[in-house]
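**Q** A predicted structure for the sequence below; I have some questions about it.
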Amino acid sequence: MKSRVWQTISSLIFFAIAAIGVPLSVSAFGISPPFIRSDRLVPGARFDTTIYLVQGQPKEDLDIKATLDVPEKISKWFVIDKGNEFTIPAGIQQFPIVVTVQVPQDADFGIYQGYLRINTIPTREAGEQVTISVGARVDINLTVGEGVVADFQIKKVEILDIEEGSPPAIEFVLENTGNVPIAPERATFDLYDKFGDIRLAFSQTEDIPEVPAFETKTITLKFPIDIKLGIGEYWADAKLYRNGQSVRELKTVFNVVARSFGFFEITTIAAGLVVVGGIAIFIKKKYSRG
Amino acid sequence: MKSAFGSVVRSYILASLIVGAFLGISLAVLESPQVLADAASTAVDVGNAAPTVANVAITPNPIVLTENTSTTITITADITDANGCGDVFTSGTLSAVLYRTGVSGTSSCSNNALNCYRNITMADAGGTCTGGADTSGTASGTIKVWYFADATDASSTFPSEWWAAYVLATDESAATGNATSSATVELNSLYALDVTASINYGAVPANTDTGSTNQVATTTNTGNYNIDIEFSGTNMASGGDTLLASQQKYGTSSAAYASLTHTLSTSPTARNINVGRTTTSTSQTASTTYWGIAVPGGQPTGSYTGSNTFTAIFGD
């Protein structure tokens, strides 16, 4: 009897933990976007997707664990650039990770689904019995087929300021949303005066580099023209074409600025002076001897 | 005789030439326009030209929000005024609206933290309008978008929509120009949660459970989509001794241990908790779970610790 009482008391004492403390560390975390999705994959395709791990108050370093939960046959298709365990440094509210999906050449056609769970690895404060790990689940949905999908989106177009003597140029961002390399078939450039009333020149190009499937790239195009532009403002109307239709147009002002002498120009001039000076000295010496 | 006649003829011819020259010069003078130097005053009224707005852009693209706080979004636009860009940047006004494309009224929508942010002040970005004869400059403005704003990506409620920016330029004479961004700017779905406190069961004797004393864990939705929760946990440990995760139970209502709805598993298990998205910045949506534990008979004494995981998943 006595031993049983003592056993209970000791169990009670020794299974105690520190007194219930005040609510401890706040666990807050999120991911955006919460999916990895493509319905245009073909065997051999590769695409990257960026997922942001977000915290409203990133006061401390945060350890993260990423766990893939997919059918075994596709488990090797996925690579996370930061690895499966990494640390988000303190102070970073939006931490990007890039998940690469590489479909093997011998992949079977089909729809593949699964999850990628991204969770925090909490630190245990004094007195905590059960720590709380928070996280979010990324839904994975991939379709591997044989259909060719040629599609793109122009995310941004800009008409660049140029130096005097340089041809007009534009820069655009193209996202290839298909599964084959692609580019606009043609780009045109209409040049107007500073008031946009008088058309000064027209140029076009079909020499546009393709963007690989599932990638996004920034492309710069130049439009040589026959007239020389002086310093000042000009209006321009740039268009990108696909299947004979303009898919993106931008009409705005750009500037021609004074040409700056860069390292190459200064070096060339200096080299020229040295050569001329050398020749002059040679000639002088030759005739002095004579 | 002959010399006298010849002299008369020569004189006659000379006189004729002189008279003819005089007449020719006189005619020429009378026929030609007369140019008189004089002062003339000129005047012209230079009319006001309305400003133009172009190249409206939203950064970043796509829009990624941060849980439980606001995120700064930048809007830029090229402004041109033939009367000089100072007519707008210095003497006029610039403003913008950031909105979800399907919202009622589109660029005329009413302020709503879910889908419409009005009266965004725009200003010269880095002195691009130098004044005087300079007719163009770049305007820039920022707005803080709340974490619960409407997503438009493929997982969202509005997958065929996106976010756009409308910029209005008004010059000194109240003439206006405007433009709307043309790029498809998605606002991404954000699954996020905030779970307060750890779970501490205190002292629990072997061969007993926590009875009607529940520990409470509150889960707050800090994203922009309804979420459910996956629960999982590790076995608790004290040195080499283990207390199985399945000894913990939980539910969405306070109850005695035996009546708690779910048993904790080491494998993630989805539960229909339904933590909805908040729609205002002054309140949040939360859900409470109630926890208990049983310690089996014969369990070695010790201080057992473990970890439970709350994972946000797509909610209905």
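**A** Yep, that arrived. Keep in mind it's a predicted model, so treat the numbers as computed, not measured.

**Q** quick one: contacts for the residue of chain B found nearest chain A?
**A** Relative to chain A, the nearest point of chain B is residue B:192 (2.4 Å; Cβ to the nearest Cβ). Yep, even glycine has a C-beta here, placed from its N, CA and C like the rest. Contact analysis of residue B:192 by Cβ atoms under 8 Å, 6 or more residues apart in numbering or on different chains lists A:28-32, A:54, A:136, B:67-68, B:147, B:221-223, B:312.

**Q** low-confidence ranges in chain A?
**A** Across chain A, residues meeting the criterion (pLDDT under 70) sit at A:1-26, A:262-265, A:289-290.

**Q** coming back round to it: any of the contacts of residue B:192 buried? List them.
**A** Neighbour counting with 16 or more other Cβ atoms under 10 Å in any protein chain shown marks A:28-32, A:54, A:136, B:67-68, B:147, B:221-223, B:312 as buried within the contacts of residue B:192.

**Q** Which member of these is positioned nearest residue B:153?
**A** Using Cβ to Cβ, residue A:32 comes nearest to residue B:153 of the buried ones among the contacts of residue B:192, at 9.0 Å.

**Q** Name the single longest helix found in chain A.
**A** Across chain A, the longest stretch assigned as helix under DSSP state H is helix A:263-289.

**Q** follow-up on the earlier one: could the buried ones among the contacts of residue B:192 be laid out in a markdown table, adding distance to residue B:160?
**A** Listed next are the buried ones among the contacts of residue B:192 as a markdown table, based on distance: Cβ to Cβ, whole Å:
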| residue | distance to residue B:160 |
| --- | --- |
| A:28 | 31 |
| A:29 | 30 |
| A:30 | 24 |
| A:31 | 23 |
| A:32 | 19 |
| A:54 | 25 |
| A:136 | 25 |
| B:67 | 26 |
| B:68 | 28 |
| B:147 | 23 |
| B:221 | 25 |
| B:222 | 26 |
| B:223 | 21 |
| B:312 | 25 |
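
**Q** Please narrow these to those residing in helices.
**A** Using DSSP H, none of these sit in helices.

**Q** So which of those residues are in strands?
**A** A:28-32, A:54, A:136, B:221, B:312 (DSSP state E).

**Q** Can you give the domain ranges for chain B?
**A** Domain ranges of chain B: B:52-180, B:193-314, per automatic domain parsing.

**Q** end to end, how far does the longest one reach?
**A** Taking Cα to Cα, to the nearest Å, the span from the opening residue of domain B:52-180 to its closing residue is 12 Å.

**Q** and if you look at the last one?
**A** Its start and end residues considered, domain B:193-314 measures 12 Å (Cα to Cα).

**Q** how far does that domain sit from the chain's center?
**A** 38 Å (Cα atoms, centre = their mean, to the nearest Å).

**Q** before we move on, what about the longest one?
**A** Between the centre of domain B:52-180 and the centre of its host chain there is 7 Å, according to Cα atoms, centre = their mean.

**Q** Let me see the contact set for whichever residue of chain A sits closest to chain B.
**A** Nearest residue of chain A to chain B, counting by Cβ to the nearest Cβ: residue A:30, 2.4 Å away. Residues near residue A:30 by Cβ under 8 Å, 6+ apart: A:53-55, A:136, B:66-67, B:190-193, B:222-223, B:312.

**Q** what about 10 Å?
**A** A:52-56, A:94, A:118, A:134-136, B:65-68, B:147, B:190-194, B:221-224, B:227, B:312 (Cβ atoms under 10 Å, 6 or more residues apart in numbering or on different chains).

**Q** From residue A:169, how far out is the residue nearest to it when sequence neighbours are not counted?
**A** The spatial neighbour of residue A:30 that comes closest, neighbours along the chain excluded (Cβ to Cβ, 6 or more residues apart in numbering or on different chains), is residue B:192 at 2.4 Å. From residue B:192 over to residue A:169 the distance is 42 Å, taken as Cβ to Cβ, to the nearest Å.

**Q** Ok, residue B:170 next?
**A** For residue B:170, the distance to residue A:169 - Cβ to Cβ - is 32 Å.

**Q** Same check on residue B:94?
**A** Noted for residue B:94: a distance of 28 Å to residue A:169, by Cβ to Cβ.

**Q** Repeat that for residue A:210.
**A** To residue A:169, residue A:210 is 19 Å away according to Cβ to Cβ.

**Q** Ok, residue B:125 next?
**A** 21 Å.

**Q** In terms of neighbours, single out the busier of these two.
**A** Neighbour count, other Cβ atoms under 10 Å in any protein chain shown: between residue B:125 and residue A:169, residue A:169 has more, with 19 against 16.

**Q** what residues are up against the more buried one?
**A** Each residue near residue A:169 by Cβ under 10 Å, 6+ apart is listed here: A:158-162, A:189, A:220-224, A:236, A:238, A:254.

**Q** Go through those and flag which are in strands.
**A** Going by DSSP E, the strands hold A:158-159, A:162, A:189, A:220-222, A:236, A:238, A:254 from the contacts of residue A:169.

**Q** Which ones, among the residues you listed, also lie beside chain B?
**A** A:158-159, A:254 (Cβ under 10 Å from any Cβ of the partner chain).

**Q** I'd like those residues written out as CSV, with neighbour count added.
**A** Formatted as CSV, those follow (neighbours: other Cβ atoms under 10 Å in any protein chain shown):
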residue, neighbour count
A:158, 19
A:159, 25
A:254, 23
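
**Q** could these be laid out in TSV, adding distance to residue B:292?
**A** What follows is those, written out as TSV (distance: Cβ to Cβ, whole Å):
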residue	distance to residue B:292
A:158	61
A:159	66
A:254	69
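
**Q** Could you single out the nearest of these to residue B:261?
**A** residue A:158 (57.0 Å).

**Q** Skip the chain neighbours and tell me the closest residue to the closest one.
**A** residue A:171 (4.9 Å).

**Q** got the contact list for the one you found?
**A** Applying Cβ under 10 Å, 6+ apart, we find residue A:171 in contact with A:156-160, A:218-221, A:238.

**Q** ok, now how distant is it from residue A:135?
**A** 39 Å.

**Q** how about the helices in chain A?
**A** Assigned by DSSP H, the helices in chain A fall at A:2-14, A:263-289.

**Q** residue closest to the middle of chain A?
**A** Residue closest to the average C-alpha location in chain A (Cα atoms, centre = their mean): residue A:216, at 7.3 Å.

**Q** So what sits opposite the residue nearest to that one when sequence neighbours are not counted in the bridge?
**A** Using Cβ to Cβ, 6+ apart and skipping residues adjacent in sequence, the residue nearest residue A:216 is residue A:175, 4.3 Å away. Per DSSP bridges, residues listed as beta-bridge partners of residue A:175: residue A:153, residue A:216.
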